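**Q** Okay, sequence plus prediction incoming.
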Amino acid sequence: MRIKINNNFDRINQTYLFSNIAARVRDYSKGHPDADIIRLGIGDVTLPLPSVITEAMQQAVLEMGSAETFRGYPPEYGYDFLKDAIVSHYKDLGVNISSSSVFVSDGAKSDLGNIVDILGNNEIIIPDPVYPVYVDSNLMNGNHINLLPGNMDNGFLPMPDELPSGIEAAVIYLCSPNNPTGAAYDQEQLETWVSYAIDTGSLIIYDNAYEAFISEDLSHSIYSVPGAEECAIEICSFSKFAGFTGVRCGWTIIPDTLISEDGHQLSALWSRRQATKFNGVSYPVQRAAEAALSDKGIIELQKNIDYYRRNASTIASALDDLAIRYTGGINSPYIWLECPDGLGSWDFFDKLLHKAQIVGTPGEGFGQAGEGFFRLTAFGTYENTCKAVQRLRKLL
Ligand code: MLT
């Protein structure tokens, strides 16, 4: 062939982090077919969907099977019933957003990866370590990235005064509560980021996928910070909060007040992008998502979140006893620990897999500043989490 490819793909790792881990675990399993492997790696939920959600989905499927209630293509940006449920969910969190700013999608990962389509060649600021999608998608688009290192000293919550000098307007990715470190910015820190963005004409892309895990007195949305509607997009997910990792649904908020340097409304560009490249989320899934946000749905889902919280505190207390430093686990399903004995994060990954049959995620997979750290998820079953903790206590 004489076609050219997007050579920016040469700038990213050949394999996506979680595919790489899955391949290593598959290899190990082949050689150890009887090993009882406990998976605390990828943040995939294990509890089934509550019946309030499955019943709504079943009802919607039945509607699709009857001529009177059958529906074809869904609206590209989501059915009004789900957009209204999202608006009212924000109201319960004390935040006002308009229905026209809500764009329903098949998940936060897609939106985080696709948002680069509507942005030009800006400077990019990304805290390190971080969810790899931000870095990969910007590298694929040929953008220049400025990494902002997190560490134990700044609590893995880097602030604008740690940025190298000379960066002006930039696209800034923030994830709070953070994946992978579980650390969360407080209101004052978010206010500092928002005023930095306004002063420099920057855009914040706020990944709020873990909001439901906040247990302390922290902001539940970037829009609880005055001025954020002039500088921030918020991207959210039903995956972790409602157990939709396999169902697929999320949403993005783009206020009409976000205007580019040359006068374009970002929401209009995203509408245009989605209309061309996306055909909406299926009706049964949107009905399921609506049920997740209903009063009954929220009560049922809170039980699941409490279940995962108990796992997080089980892991955290073992680390306390072992005198291993960590962040997270309080406002987040992730626990980010310092690898014992100065081990590198992939070495620690191998040690846990080979000696304790536990799969976690090496910190380096989330960026250079993650080297020497390791992520465990609280999304396993309670039984497996307890078993993993026993093995950790024995090994470490
Ligand atoms: C993770 O483990 O970091 C997440 O599950 C990945 C994702 O949400 O795509």
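**A** Now that the structure is in, tell me what you want to look at. Residues are numbered from 1 along each chain as shown.

**Q** show me the contacts for the closest residue to residue 236 other than its chain neighbours.
**A** Excluding its sequence neighbours, the residue lying closest to residue 236 (C-beta to C-beta, 6 or more residues apart in numbering) is residue 208, at 4.8 Å. Just so you know, the C-beta spots here come from the backbone N, C-alpha and C atoms, and that holds for glycine as well. With contacts taken as C-beta atoms under 8 Å, 6 or more residues apart in numbering, residue 208 has the following neighbours: 176, 220-222, 234-236.

**Q** what's around the one residue in the stretch 151-300 of the chain that gets nearest to the ligand, how many residues?
**A** Residue of the stretch 151-300 of the chain nearest the ligand, by C-beta to the nearest ligand atom: residue 179 (5.0 Å). Other residues within reach of residue 179 by the criterion other C-beta atoms under 10 Å amount to 26.

**Q** separation between the closest residue to it other than its chain neighbours and residue 24?
**A** Setting aside the residues directly before and after it, residue 179 is nearest to residue 131 in space (C-beta to C-beta, 6+ apart), at 4.7 Å. Residue 131 sits at a distance of 20 Å from residue 24 (criterion: C-beta to C-beta, to the nearest Å).

**Q** Which of the two has more residues huddled nearby?
**A** For residue 131 versus residue 24, neighbours defined as other C-beta under 10 Å are more numerous around residue 131 (23 against 17).

**Q** Can you tell me the SS state at the closest residue to the ligand within the chain?
**A** Distance from the ligand to each residue of the chain (C-beta to the nearest ligand atom) is smallest for residue 43, at 3.2 Å. Going by DSSP: H, G, I helix; E, B strand; the rest coil, the secondary structure assigned to residue 43 is coil.

**Q** Next, count neighbours for the residue nearest to it when sequence neighbours are not counted.
**A** Taking C-beta to C-beta, 6+ apart, and ignoring the residues beside it in sequence, residue 43 has residue 377 as its nearest neighbour in space, at 4.9 Å. Look at residue 377: counted by other C-beta under 10 Å, it has 30 neighbours.

**Q** tell me the contacts of residue 377?
**A** When contacts are counted by C-beta under 8 Å, 6+ apart, residue 377 is found next to 40-44, 333-335, 360-361.

**Q** Give the PyMOL command for selecting the buried subset of the residues you listed.
**A** Restricted to the buried members of those, where burial is judged by 16 or more other C-beta atoms under 10 Å, the PyMOL selection command reads as follows:
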select buried, resi 40+41+42+43+333+334+335+360+361
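
**Q** May I see the contacts of residue 377 organised as CSV, with pLDDT added?
**A** Conversion of the contacts of residue 377 to CSV gives the following (pLDDT from 0 to 100):
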residue, pLDDT
40, 97
41, 95
42, 94
43, 95
44, 96
333, 98
334, 98
335, 98
360, 98
361, 97
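
**Q** Tell me which stretches of this protein form strands.
**A** 38-39, 102-105, 123-128, 144-149, 170-175, 203-207, 232-237, 250-253, 326-328, 334-338, 358-359, 361-362, 373-377 (DSSP state E).

**Q** in its sheet, what does the fifth one sit against?
**A** Sheet partners assigned to strand 170-175 using DSSP bridges are listed as strand 123-128 (parallel), strand 203-207 (parallel).

**Q** Determine which two of the contacts of residue 377 are furthest apart.
**A** Spatially, the most separated pair among the contacts of residue 377 is 44 and 335, at 15.7 Å (C-beta to C-beta).

**Q** Report how many residues lie close to residue 147.
**A** A total of 18 residues lie near residue 147 under the criterion other C-beta under 10 Å.

**Q** That one reaches residue 369, doesn't it?
**A** Yes: in this structure, residue 147 is within contact of residue 369 by C-beta atoms under 8 Å, at 7.3 Å.

**Q** Next, show the common contact partners of the two.
**A** In contact with both residue 147 and residue 369: residue 128, using C-beta under 8 Å, 6+ apart.

**Q** Would you mind listing what in the stretch 151-300 of the chain touches the ligand?
**A** For the stretch 151-300 of the chain, the residues in contact with the ligand under the definition C-beta under 6 Å from any ligand atom are residue 179.

**Q** pLDDT weak spots in the stretch 151-300 of the chain?
**A** Counting by pLDDT under 70, the stretch 151-300 of the chain contains no low-confidence residues.
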